[in-house]
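1. model this:
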Amino acid sequence: MKKAVVIGAGQTGRGYVTRFLFQRDYAITFIDKNEELVRMLDADRAFCIHFYKKDRTPIYVNGFQAFHTDSKEADQAIREADFIVTSTGEQNLGDVAQQVKAGMRNKQKKTVFLTAENGINPAKVLRTHLQEAGVEGDYTVTQTAVFCSTVSVHDTRLDILSMNEAYFPFDADELEELDFEGAVPIHNFEKFFKRKIYTYNCLAGLISYCGYIKGYEVYGDAACDPDIDAVMMRLMEELNPALQDYFQITKEDQEAFTNRALAKFRDKSILDYNIKNGRAPARKLGPTERIMSPMQILLDHHKDPRIMEFVAAAALVYWDELQGKTEPKMDKDLITTFCEINSLEGNEPVVEHVKQYLYEIKKNRDNICIMQILFG
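-> Residues are numbered from 1 along each chain as shown. Okay, the predicted model is just below:
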């Protein structure tokens, strides 16, 4: 039996990637730093993946093992694994490289690492960390992009509610074949990832942060809000042509990609949450991420950046109000933090605009109309 290790047993690792491994009869071991999660996985040895629309029989995942990150059992599982999947967040891949070092030492079989993270090229990030950590062995590092929403099922210990999504793109420049349901080989995966982040994740950021400041808890409710819907459509009128030129793709191709994202986000049967989708705003406000990169592409193509500037301000409000709760505390004020993340000077136009939108959000906090603020 082929053996797989999933590093990161959260909602994506447990509820999405694991499904593909389980369907191909891999013996699965979860490795996670959350001691309580590992304890529950080890005690139950089973959980169920349910599907939003009940259009597929739930998958009863069982027979796995679970170990804490810093354990000899985790090292042994890595040593025996044919496949190692990461679902920890791109910012944690340096820690992953250190975690696998002992298990990879003197390993006798070839290993495939597969990253299931958001980022421009998380496989490259992991590969660099593995090399810098001096990880030994015969291994390949490839990657997938996750288009599937998953949430924990309330009042259960481990169950997952998932989209019935079988689209599994993978980096075919690093791995020639992948025997997963829905596996689609993609060449030039970095370009593919950029397009996903600048379209799909850009819209997701708009919905989650604007939904948050308008008081929505559920993601689909925010996406269907008439004000937010109008903002999305106005943005894509500007952004789609710019991305079409940036990626040298057809108008039809880019619009179809956008429409697929919009259809998913507007589907209220897909339960998801704005706070979950907005988490880690410090990363998402970065210069290569879903807010600032589309903003720069708009500017480079002489398009209107105001919507993305407003989203940046909304993300800062989200971070400010949740710091010390679900988000880390800021050492400095919002604008200084924003400038430092993006290496901006305080007098640059984008900074002045974000500052103005912060003022407008706080002034209208109980009754925000984004279209009114942006376009009068």
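2. only C-alpha atoms for contact and neighbour calcs from this point on.
-> OK.
3. V85 bridge partners, please.
-> V6, L114 (DSSP bridges).
4. make residue 1 into 34 and carry on from there
-> Done: numbering now begins at 34, and the last item shifts to V118.
5. wait, what's in contact with it?
-> Residues counted as contacts of V118 (Cα atoms under 8 Å, 6 or more residues apart in numbering) are 37-40, 50, 146-149.
6. same question, A166
-> Counted by Cα under 8 Å, 6+ apart, A166 has contacts 130-131, 134.
7. mind listing the helices for the stretch 234-383 of the chain?
-> 235-246, 252-256, 259-280, 284-299, 307-311, 314-317, 325-333, 339-355, 367-375, 382-396 (DSSP state H, counting those that start in this stretch).
8. can you tell me which of the contacts of V118 is closest to D58?
-> A37 (9.8 Å; Cα to Cα).
9. so that closest one: helix, strand or coil?
-> Of the three states, A37 takes strand under DSSP: H, G, I helix; E, B strand; the rest coil.
10. please report how far it lies from F180.
-> A37 sits 22 Å away from F180, going by Cα to Cα, to the nearest Å.
11. one more: P327?
-> When distance is defined by Cα to Cα, P327 is 19 Å away from F180.
12. the more surrounded of those two?
-> Between P327 and F180, counted using other Cα atoms under 10 Å, the more crowded position is P327 (24 against 18).
13. neighbours of the closest residue to the more buried one other than its chain neighbours, how many?
-> Among residues not flanking P327 along the chain, Y231 sits closest, at 5.6 Å (Cα to Cα, 6 or more residues apart in numbering). Neighbour count for Y231, taken as other Cα under 10 Å: 22.
14. residues in contact with Y231?
-> 322-324, 326-327.
15. got those residues as a markdown table, with pLDDT columns?
-> Formatted as a markdown table, the contacts of Y231 follow (pLDDT from 0 to 100):
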| residue | pLDDT |
| --- | --- |
| E322 | 96 |
| R323 | 97 |
| I324 | 98 |
| S326 | 98 |
| P327 | 98 |
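16. walk me through the domains of this structure.
-> Here the domain assignment for the chain is 34-218, 222-406, based on the TED database.
17. from Q141, how far out is L331?
-> In this view, L331 and Q141 are 50 Å apart by Cα to Cα.
18. more neighbours, these two?
-> L331 (22 against 11).
19. send me stretch 273-281 as PDB with only the CA atoms.
-> Written as PDB, here are the backbone C-alpha positions of stretch 273-281 (Å, rounded to 0.1, in the frame of the first residue of the first chain):
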ATOM      1  CA  ASN A 273     -10.600  41.600 -16.700                       C
ATOM      2  CA  PRO A 274      -9.200  43.500 -19.800                       C
ATOM      3  CA  ALA A 275      -6.100  44.300 -17.800                       C
ATOM      4  CA  LEU A 276      -5.500  40.700 -16.800                       C
ATOM      5  CA  GLN A 277      -6.300  39.600 -20.400                       C
ATOM      6  CA  ASP A 278      -3.400  41.700 -21.600                       C
ATOM      7  CA  TYR A 279      -1.200  40.900 -18.600                       C
ATOM      8  CA  PHE A 280      -1.500  37.100 -19.100                       C
ATOM      9  CA  GLN A 281      -1.900  37.300 -22.900                       C
END
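20. who's in contact with it?
-> Stretch 273-281 has contacts (Cα under 8 Å, 6+ apart) with 224, 228, 283-284, 287-288, 291, 330-331, 334, 336.
21. so where's the chain uncertain?
-> Low-confidence segments of the chain, defined by pLDDT under 70: none present.
22. just want the most central residue of it.
-> N151 (4.3 Å; Cα atoms, centre = their mean).
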